[in-house]
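Colleague: model the structure of this input:
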Amino acid sequence: MKNLLYIFALIGCLAFSQERLKSQDEKYIYQGNRELQENNFVNAEAEYRNAISENPTNSVSKYNLGNAYFKNKKTNEALVRYEQAQQVAETKSGKHKAFHNMGNSFMQQKKYDNAIEAYKNALRNNPKDNESRYNLAFAKKKKEEKDKEDEKNKDKNKDKKDNKEKKNNKDKNDKDSDKKDDKGKEDEKKDKDDKGDKDKKDKKEDDKGKGEEKKDKQNDKKQDQSDTKKQEKPQPKKGQLSPQQVQSLLEAMNNQEKKLQEKMNANKQKGVPIKNEKDW
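Modeller: Numbering: from 1, shown residues only. Prediction:
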């Protein structure tokens, strides 16, 4: 636990004694340090910003503002200020401190490659600093652990992906097999339905054929009966009248007789004139 605290320990804020304050930006920095010691972050930030506005080339105001951000877990803002500080720093000591705290900020973000590079730059400006050297070794160790974990997760994800693909392929094959079975059942049902329809059609045609055959037999029977009756009916001999002709003649004679009788009846009703004179 001691080592973990050690690695993230910042190189503290740069301070000025009150007796040495000469410029306005130094006064702002001094006041910002007092506010930060009392945990008044907002006031400290304002004082450091005033110092930067007063003298943009002063690396101390940028560096101290970076520390204020780091303590308040604003790591991205801290990195910006450390970068600005190392750019305007006129001494190797100033650059070393900025790079070292940049390394600590990257470690907080678990960006081990960036942290390693920052600690290397810190050691280039101060090769004797043991804290930067230790932090560099620690960053390399964390990077190695992370790489192993990433590789393990990569293999795990690959296995998971392979298993998922196998499962998907199995599900697809099962689904295709089910579809094939369903299609086979549908084809079988269709064949049965087609056969049933064909049997019904054949039966219908067979019934129709039997009906027509029965009808033909009935017609033949009627025709035979008609022919039989014709054969049984007496045919008139040559020179003789047929029964129909005889019947017609009888009816004609009856009609004539009826008319004659009606005429005679009519004459009777009129009467015969009586003679008054006696024949001599």
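Colleague: quickly note the distance from residue 69 to residue 33.
Modeller: In this structure, residue 69 and residue 33 are separated by 15 Å, where distance is defined by C-beta to C-beta, to the nearest Å. From N, CA and C alone the C-beta is placed, and that goes for glycine too.
Colleague: please read the previous query as pertaining to residue 127.
Modeller: Using C-beta to C-beta, residue 127 is found at 29 Å from residue 33.
Colleague: looking at those two, which one has more neighbours?
Modeller: The residue with more neighbours, out of residue 127 and residue 33, is residue 33; 22 against 10, by other C-beta atoms under 10 Å.
Colleague: show me what the helix or strand in which the more buried one is found is packed up against.
Modeller: Here residue 33 is covered by helix 24-37, with elements defined by DSSP states H and E. For helix 24-37, the contact count by 3 or more C-beta pairs under 8 Å, 6 or more residues apart in numbering; DSSP states H and E identifies helix 41-54, helix 59-71 as packing neighbours.
Colleague: I'd like these as TSV, with mean neighbour count, distance to residue 135 and mean pLDDT appended.
Modeller: As requested, the helices and strands packed on helix 24-37 are exported to TSV (neighbours: other C-beta atoms under 10 Å; distance: least, C-beta to C-beta, whole Å; pLDDT from 0 to 100):
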stretch	mean neighbour count	distance to residue 135	mean pLDDT
helix 41-54	18	25	96
helix 59-71	24	14	95
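Colleague: any chance of TSV for the ones you listed, columns distance to residue 92?
Modeller: Formatted as TSV, the entries for the helices and strands packed on helix 24-37 read as follows, by distance: least, C-beta to C-beta, whole Å:
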stretch	distance to residue 92
helix 41-54	22
helix 59-71	12
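Colleague: what's the closest of these to residue 210?
Modeller: Ranking the helices and strands packed on helix 24-37 by proximity to residue 210 (C-beta to C-beta) places helix 59-71 first, at 106.4 Å.
Colleague: before we move on, back to that, gap between the helix holding residue 33 and the chain center?
Modeller: 62 Å (C-alpha atoms, centre = their mean, to the nearest Å).
Colleague: can I get the CA coordinates of it in PDB?
Modeller: Listed next in PDB are the C-alpha coordinates belonging to helix 24-37 (Å, rounded to 0.1, in the frame of the first residue of the first chain):
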ATOM      1  CA  GLN A  24       1.900  40.700  -9.600                       C
ATOM      2  CA  ASP A  25       1.800  37.200 -11.100                       C
ATOM      3  CA  GLU A  26       3.900  35.900  -8.200                       C
ATOM      4  CA  LYS A  27       1.400  37.500  -5.700                       C
ATOM      5  CA  TYR A  28      -1.400  35.600  -7.400                       C
ATOM      6  CA  ILE A  29       0.500  32.400  -7.200                       C
ATOM      7  CA  TYR A  30       1.300  32.900  -3.500                       C
ATOM      8  CA  GLN A  31      -2.400  33.600  -2.800                       C
ATOM      9  CA  GLY A  32      -3.500  30.600  -4.900                       C
ATOM     10  CA  ASN A  33      -1.200  28.300  -2.800                       C
ATOM     11  CA  ARG A  34      -2.700  29.600   0.400                       C
ATOM     12  CA  GLU A  35      -6.300  28.900  -0.900                       C
ATOM     13  CA  LEU A  36      -5.300  25.400  -2.100                       C
ATOM     14  CA  GLN A  37      -3.800  24.600   1.300                       C
END
